[in-house]
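>>> Provided below for reference: sequence and predicted model.
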Amino acid sequence: MSVSIRDAGQEQLIVATGLYKSFGGEPILLDVGVEVFRGRILGIIGPGGVGKSLLMKMLAGLVEPDAGDVTVLGQSLQSLNASGLARVRDRMGFLFQNYALFDFMDVGQNIAFPLEQMGVPKAEITRRVAERLAEVELPGIERLFPNELAGGLKKRVALARATIAGAPILLYDDPTAGLDPVTSSKIFELIRRLHRPDGATVIVGHDIDRMVAVCDEWLLLHEGAVLFRGTTEEGRASSHEVLKTFFMETGMLGAAA
Amino acid sequence: MSSLAPTPATAEPQKRAKRPIPRQSKANRPLLYPLAAFRRGATLFLETLLWCIKPGALKRRRRQILEQLFVIGNKSVVFITVTLGVLGLISVFQVLVQVERILPDFSMIGPAFIQIMTREFAPTMAGLMIATRVGSGIAAEIGSMVVTEQVDALRMCNADPVDYLVMPRFVASVIQTTLLSIYGCVIGVASGFIAAGLFWNIPAGTFFNLQLVAYGDVVSGLMKAVAYGMAVPIVAAQAGLETSGGSEGVGTATTRAVVNASFSVVVLDFLLSGFSFLFLSKGPM
């Protein structure tokens, strides 16, 4: 089911239609549609195992859907060859749920990697890595290896790597999973700061209390389909049983009260 | 945001199985697994070759290639020294025990042993050792990168995993398997001589005689070493890249890599031995 958001004044940076994916004959996503508009922050929420991270990977072209199409910046990912996909990914940053830091590289090399792949001169890479580390409040840890860092620090390093290239489209897969409340708040503050008004941000998460302060729009996945899409106010106003239960349990309705 | 039209709150949740489940591909049928795996392996091999011949690719990945040369050599050299050393000792000892019953003359034992070491034992034993020692390492390393999403992160940073992970291991493996086969041949022959000299007093001049070693034997041995050096990292990397699940998946991929890489060495040995027998010169060096 694709729920359409009509907003003629906004340009869509990501459009996904009719996404279907099954594993071993078991359908996970059923006809899911997503639209992400320029300047907006979309929060994708839903119960665990519903296919949120899978959907996120489809938006980045990392997982191919069995059916449906993903268009990013006007280009259909399914029709692109490797170099075309690379050009689109140059304009995307992705924060992975489990950090996905390269364990054979130190922090500095991890953050510098996207810039190296883009052929940025070495001196500029060094400067930008130092700047970005300062921005995520981890200055001077370039020489440490990921296995020497705690979870919150790893997340911030992964955030620095995802955003160092200055990509307009940023995808965050559960950015605060397993983190303490203070670190979670810092991460969301960074996400808000790093969001570009001319770009778009998509956040998959469960930390709805903190996501409320950041997200403009919501997409609720339920049983493999889009159950709701709209603004925070529209979510709170809904009388749909599943929606109410989900938002109540996650504190979103409580925040409104 | 007033123009947004959310899903009507009263709408029933989406019903499952709205679309028919796509039919399973033919490759999912158990009998066709090996064929599908072979096709994927061949595709990976061609992709890796394309990355190798891309202008500047080897220079760009020089650091990773040097690292892998060190890793593969470091992992295998002791293993190959011990294996081929023991194999040389035991083979010559057992052959001499049998030959002693039939022939009074041991002068051809050394030349025959050098010939079989050159064309068969050294490259194939080195290939099998590299299949187990290095193949398992490649599959485990790439497999754990897959399950921890590091391979996806490479893709998001526009680094092709074949270029970044497979190609350096492929190049290093071809070089090291060839060098280690030559080294293994020297170790095997030297330890064979120890058995021959110690227990049967065969002089070095009689044992180290190359009269039976033809050009074809040398070419056959080198050809096998290069072929194994190509096959092992491809088979292992394929197992690693196709890892699914968590640590159990990495374990399964590692086992699959060792079994398939060893199997590919044996099959290649059979094919290349036949090729050498039919087409390569048997003239003396």
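That came through fine.
>>> show me the contacts for the residue in the stretch 151-285 of chain B that chain A sits nearest to.
Scanning the stretch 151-285 of chain B for the residue nearest chain A gives B:A153, at 3.9 Å (criterion: C-beta to the nearest C-beta). For glycine as for every other residue, the C-beta is placed from the backbone atoms N, C-alpha and C. When contacts are counted by C-beta atoms under 8 Å, 6 or more residues apart in numbering or on different chains, B:A153 is found next to A:F94, A:F96, A:A100, A:L101, A:F102, A:R161.
>>> what about A:E137, distance to A:V129?
When distances are taken as C-beta to C-beta, to the nearest Å, A:E137 and A:V129 turn out to be 14 Å apart.
>>> neighbour count for the two, which is higher?
With other C-beta atoms under 10 Å in any protein chain shown as the criterion, A:E137 and A:V129 differ in neighbour count, and A:V129 comes out ahead with 22 against 10.
>>> chain center to stretch B:189-208: distance?
Put simply, stretch B:189-208 sits 32 Å off its chain's centre (C-alpha atoms, centre = their mean, to the nearest Å).
>>> before we move on, back to that, mind checking which of the contacts of B:A153 are in strands?
A:F94 (DSSP state E).
>>> for burial, what's the neighbour tally of B:L128?
Look at B:L128: counted by other C-beta under 10 Å, it has 20 neighbours.
>>> oh sorry, the question was meant for B:M230
Here the number of neighbours of B:M230 (other C-beta under 10 Å) works out to 20.
>>> kindly report the same for B:G41.
The number of residues packed around B:G41, counting by other C-beta under 10 Å, is 18.
>>> which of the three states applies to it?
Classification of B:G41 using DSSP: H, G, I helix; E, B strand; the rest coil returns helix.
>>> for A:E124, which non-adjacent residue is closest in space?
The shortest distance from A:E124 to any non-neighbouring residue, by C-beta to C-beta, 6 or more residues apart in numbering or on different chains, is to A:L115 (7.6 Å).
>>> what segments of chain B are helices?
Counting by DSSP state H, one finds helices in chain B at the ranges B:33-53, B:57-60, B:62-102, B:109-116, B:122-147, B:150-156, B:161, B:167-200, B:204-207, B:215-241, B:247-279.
>>> now do the stretch 151-257 of chain A
If DSSP state H, counting those that start in this stretch is used as the criterion, the helices of the stretch 151-257 of chain A fall at A:151-163, A:181-194, A:208-211, A:232-237, A:241-250, A:252-256.
>>> domain parsing for chain A?
Here the domain assignment for chain A is A:1-80+A:167-175+A:193-257, A:92-166, based on automatic domain parsing.
>>> nearest to B:E149, of these?
When these are ranked by distance to B:E149, counting by C-beta to C-beta, first place goes to domain A:92-166 at 3.9 Å.
>>> start to end distance for the closest one?
Counting by C-alpha to C-alpha, to the nearest Å, the length from the leading to the trailing residue of domain A:92-166 is 9 Å.
>>> A:Y20 bridge partners, please.
For A:Y20, the beta-bridge partners are A:A67 (DSSP bridges).
>>> so what's the residue count around it?
Residues within reach of A:Y20, counting by other C-beta under 10 Å, total 20.
>>> find me the pLDDT at it, would you?
Looking at A:Y20, its pLDDT reads 94.
>>> tell me how far it lies from A:D69.
11 Å.
>>> and what of B:L278?
Using C-beta to C-beta, which is the criterion applied here, B:L278 is 53 Å from A:D69.
>>> comparing those two, which shows the higher neighbour count?
For the pair B:L278 and A:D69, the greater number of neighbours falls to A:D69 (16 against 7), based on other C-beta under 10 Å.
>>> columns mean pLDDT on top of the helices of chain B, output as JSON lines?
JSON lines is the format used below for the helices of chain B (pLDDT from 0 to 100):
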{"stretch": "helix B:33-53", "mean pLDDT": "93"}
{"stretch": "helix B:57-60", "mean pLDDT": "89"}
{"stretch": "helix B:62-102", "mean pLDDT": "94"}
{"stretch": "helix B:109-116", "mean pLDDT": "95"}
{"stretch": "helix B:122-147", "mean pLDDT": "96"}
{"stretch": "helix B:150-156", "mean pLDDT": "95"}
{"stretch": "helix B:161", "mean pLDDT": "95"}
{"stretch": "helix B:167-200", "mean pLDDT": "96"}
{"stretch": "helix B:204-207", "mean pLDDT": "94"}
{"stretch": "helix B:215-241", "mean pLDDT": "96"}
{"stretch": "helix B:247-279", "mean pLDDT": "95"}
